[in-house]
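Engineer: Predicted model, plus sequence, below.
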Amino acid sequence: MTASGPAGAETAVRPAFVLASASPRRLDLLAQLGLTPDRVFPANIDETPQRNEQPRPYVRRMAAEKAAAVAHQITEPALVLGADTVVALGRRILPKAEDRETARKCLTLLSGRRHTVLTALRCVPTAAWPDGRTGERVVETAVTFSRLTDHQIEALLDAGDWQGKAGGYALQGHAAGFIRFISGSASGVIGLPLFETAQLLRGQPGHWLP
């Protein structure tokens with residue numbers, strides 16, 4: 001997309017940058033990169049895992065489907081960034097905790113154990129921006145909780161920052177005081193791995209990042 005400059009010359013107009021998520025955590029993380037999306041357009045897709053679907057294929061599929069669903073609805077030149085995060089205990093995908101009992105079950109399972117957090121990123125250009133490039137990253141982080149007492153689990157539940165979180169906890173919340181080991185991307189656990197996000201955007205002709 002181009003526009004005329006003051007002397008009649010054409011200058012490039014950067015396509016819109018669209019985040020396919022309503023997560024305030026992802027918005028905060030993008031702000032750390034100095035980025036504010038031009039649009040926030042949450043994807044409305046079915047996030048149910050397929051039968052026997054493993055964590056890595058699942059998180060890749062979710063990020064890809066979110067980005068594609070939003071890109072198909074935008075007619076202007078734009079780059080859409082989709083992301084998804086899952087907490088995996090072995091081959092088991094732990095749910096997003098939408099109620100206290102689900103969060104309690106997740107924290108009980110994670111107590112004293114090492115688990116994996118996977119975050120997938122997918123950027124998709126809209127049809128109106130043929131110069132854009134599709135890209136993907138999957139970031140894996142190992143996290144270990146200390147052994148939690150029943151009283152400590154209840155205290156975490158009372159804090160309330162488990163709501164809507166994969167695996168029933170938030171690294172940036174009260175659970176941080178019980179995490180004794182992390183190897184990988186802390187921002188990836190929160191929901192958007194900053195280094196990999198920056199690399200994806202630097203690979204685009206839109207010049208969002210230096």
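Structural biologist: Nice, thanks for sending it over.

Engineer: Please count neighbours and contacts with C-alpha atoms only from this point.
Structural biologist: Noted.

Engineer: I'd like the C-alpha coordinates of the helix or strand encompassing Cys106 written as PDB, please.
Structural biologist: For Cys106, the enclosing helix or strand under DSSP states H and E is helix 100-110. Once side chains and other backbone atoms are set aside, the C-alpha atoms of helix 100-110 remain, and they are given as PDB (Å, rounded to 0.1, in the frame of the first residue of the first chain):
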ATOM      1  CA  ARG A 100     -12.200 -23.000  41.500                       C
ATOM      2  CA  GLU A 101     -12.500 -26.800  41.400                       C
ATOM      3  CA  THR A 102     -10.700 -27.000  38.000                       C
ATOM      4  CA  ALA A 103      -7.900 -24.800  39.300                       C
ATOM      5  CA  ARG A 104      -7.600 -26.900  42.500                       C
ATOM      6  CA  LYS A 105      -7.300 -30.100  40.400                       C
ATOM      7  CA  CYS A 106      -4.600 -28.500  38.200                       C
ATOM      8  CA  LEU A 107      -2.600 -27.200  41.200                       C
ATOM      9  CA  THR A 108      -2.800 -30.500  42.900                       C
ATOM     10  CA  LEU A 109      -1.500 -32.300  39.800                       C
ATOM     11  CA  LEU A 110       1.400 -29.700  39.400                       C
END
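
Engineer: Tell me where the model's unsure across the protein.
Structural biologist: When residues are selected by pLDDT under 70, those of the chain lie in 1-13, 206.

Engineer: Longest helix in it, please.
Structural biologist: The helix spanning the most residues in the chain, taking DSSP state H as the definition, is helix 55-71.

Engineer: Packing partners of that one?
Structural biologist: Contact partners of helix 55-71 among helices and strands, from 3 or more C-alpha pairs under 8 Å, 6 or more residues apart in numbering; DSSP states H and E: strand 78-89, strand 114-125.

Engineer: Partner strands of the last one and their direction?
Structural biologist: Strand pairing for strand 114-125, determined by DSSP bridges: strand 78-89 (antiparallel), strand 135-145 (antiparallel).

Engineer: Many thanks, I have nothing further to ask.
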